[in-house]
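K.L.:
build me a model:
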Amino acid sequence: MAWLRRLYKGAHDLQMDRGQNVFLIGSAGTGKTLLSQNILNKLLSGAVDAQSYLLGDSTFNSQLFEAAMWLVDDNSSTVSAQKHAVFSSTIKKLTSNQIFEYNKKFSVAATVEWLGRVFVTANDDEESLRIIPDLEISSLGKTMLFRTTRVPYVFPESKEVEAIIRRELPHFARWLLEWEVPAHIVDTHRYGVKCYHEASLLKKAEHSSRSNAFSEILDDWATEYFRDHPTEPSWSGTAFKLLKEFSKEDDRRAAVKNLTVDIVSRQLSALKGKGHKIESSEKSGSRIWTIQRIEVKK
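P.N.:
Numbering: from 1, shown residues only. Below you'll find the model as predicted:
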């Protein structure tokens, strides 16, 4: 409610402020689409489907900047790794920046100010959760992660739902404007409201992330390496050297056959951003990665 109040009051007063993007996760029949496309859409005088632009399928975005909220529905969960990387990068920029390129078909590109939000709905199965960007430490503060009820609702008929929304929404809007946000939710930083990440979803999102498979390979290698080198506090080397280390064992070779030096470097950077005990430094023009000792399983 505090997140929505900040957004709605800013739109109402024509003084928009920055705020986090929201991922609403849950099973079918729990009101995700009803909330995004029927309630928030009407509350903000329009929301727009931004899936094509955010996934990199289209560079034309002029229609998006007419709305304060961009929607992505849960049919985007099976996108490729490349598109997911584009999506994650764009989502992060939308929260951090306020000036964007305005690209209208048959017109010269320009720049505009936009301080809206992205609202993503997705199912809670493992595949659908892949739509959530890798939540690095720097990204956690820019994302809200909510779960719906686990028990599906029995909704009234569509016409009755529409009548309820039409009747109640003006009163809800006035309540939002007059509601005083509890002090323990207020954040003095630039987004105004403290972040919320539902614990089970945060864990599942980590397990479903693109970097999780690499993390399992790294942990398997590190366990063996530090078992064989009991006095070493860490391992250091380039991404190429680590890739060669991975390939030394026959049972690991098949799992890493599709890895490249660039992928290893990117995955190490992602894990570092998530708080893993990994550091990087520059030496003689090369990036050196340092992996701290992990507890060896006995």
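
K.L.:
what about the spatially most central residue of the chain, distance to Asp124?
P.N.:
In the chain, the residue lying closest to the centroid (Cα atoms, centre = their mean) is Pro133, at 3.3 Å. As for Pro133, its distance to Asp124 is 17 Å (criterion: Cβ to Cβ, to the nearest Å). In short, each C-beta sits where N, CA and C put it, glycine included.

K.L.:
before we move on, back to that, I'd assumed Phe87 was in contact with the residue nearest to the centre of the chain.
P.N.:
Yes: the criterion here is Cβ atoms under 8 Å, and Pro133 meets it with Phe87 at 6.8 Å.

K.L.:
could I get the contacting residues of Glu206?
P.N.:
Leu135, Asn212, Lys274 (Cβ atoms under 8 Å, 6 or more residues apart in numbering).

K.L.:
make a markdown table from these and add distance to Gln63 to it.
P.N.:
Listed next are the contacts of Glu206 as a markdown table, based on distance: Cβ to Cβ, whole Å:
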| residue | distance to Gln63 |
| --- | --- |
| Leu135 | 29 |
| Asn212 | 35 |
| Lys274 | 35 |
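
K.L.:
now tabulate those residues in a markdown table and tack on distance to Glu224, secondary structure and neighbour count.
P.N.:
A markdown table is the format used below for these (distance: Cβ to Cβ, whole Å; DSSP: H, G, I helix; E, B strand; the rest coil; neighbours: other Cβ atoms under 10 Å):
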| residue | distance to Glu224 | secondary structure | neighbour count |
| --- | --- | --- | --- |
| Leu135 | 29 | coil | 20 |
| Asn212 | 19 | helix | 16 |
| Lys274 | 22 | coil | 20 |
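
K.L.:
so which of the residues you listed comes closest to Phe246?
P.N.:
For the contacts of Glu206, the residue nearest Phe246 by Cβ to Cβ is Asn212; the value is 16.2 Å.

K.L.:
mind listing the strands for this structure?
P.N.:
21-25, 48-49, 69-72, 99-102, 110-113, 117-122, 143-147, 234-237, 278-283, 286-292 (DSSP state E).

K.L.:
what lies in contact with the longest helix along the chain?
P.N.:
Ranked by residue count, the top helix of the chain under DSSP state H comes out as helix 158-178. Residues outside helix 158-178 that contact it (Cβ under 8 Å, 6+ apart): 1, 4-5, 8-9, 12, 34, 38-39, 42-43, 155-156.

K.L.:
which residues in this protein form helices?
P.N.:
Using DSSP H, helices in the chain cover 2-12, 32-33, 41-43, 51-54, 81-96, 137-140, 158-178, 199-208, 212-228, 239-246, 250-253, 261-273.

K.L.:
just list whatever residues bridge to Val120.
P.N.:
Beta bridges link Val120 to Phe23, Val72, judged by DSSP bridges.

K.L.:
can you pull out the low-pLDDT segments for the protein?
P.N.:
74-79, 81, 136-138, 208-210, 295-298 (pLDDT under 70).

K.L.:
domains of it?
P.N.:
Here the domain assignment for the chain is 2-208, 212-292, based on automatic domain parsing.

K.L.:
now do the end-to-end distance for the last one.
P.N.:
Between the opening and closing residues of domain 212-292 lies a distance of 18 Å (Cα to Cα, to the nearest Å).

K.L.:
got the CA positions of stretch 27-44 in PDB?
P.N.:
Provided in PDB are the C-alpha atoms of stretch 27-44 (Å, rounded to 0.1, in the frame of the first residue of the first chain):
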ATOM      1  CA  SER A  27      -0.700 -19.400  -8.700                       C
ATOM      2  CA  ALA A  28      -3.600 -19.000 -11.200                       C
ATOM      3  CA  GLY A  29      -6.900 -17.600  -9.800                       C
ATOM      4  CA  THR A  30      -5.400 -15.400  -7.200                       C
ATOM      5  CA  GLY A  31      -6.000 -12.000  -8.800                       C
ATOM      6  CA  LYS A  32      -2.700 -11.000 -10.300                       C
ATOM      7  CA  THR A  33      -4.100  -9.900 -13.600                       C
ATOM      8  CA  LEU A  34      -7.200  -8.400 -12.000                       C
ATOM      9  CA  LEU A  35      -4.900  -6.200  -9.900                       C
ATOM     10  CA  SER A  36      -2.600  -5.100 -12.700                       C
ATOM     11  CA  GLN A  37      -4.900  -4.800 -15.600                       C
ATOM     12  CA  ASN A  38      -8.200  -3.800 -14.000                       C
ATOM     13  CA  ILE A  39      -7.400  -2.000 -10.700                       C
ATOM     14  CA  LEU A  40      -4.000  -0.400 -11.100                       C
ATOM     15  CA  ASN A  41      -4.700   0.400 -14.800                       C
ATOM     16  CA  LYS A  42      -7.900   2.300 -13.900                       C
ATOM     17  CA  LEU A  43      -6.300   3.900 -10.800                       C
ATOM     18  CA  LEU A  44      -3.500   5.400 -12.900                       C
END
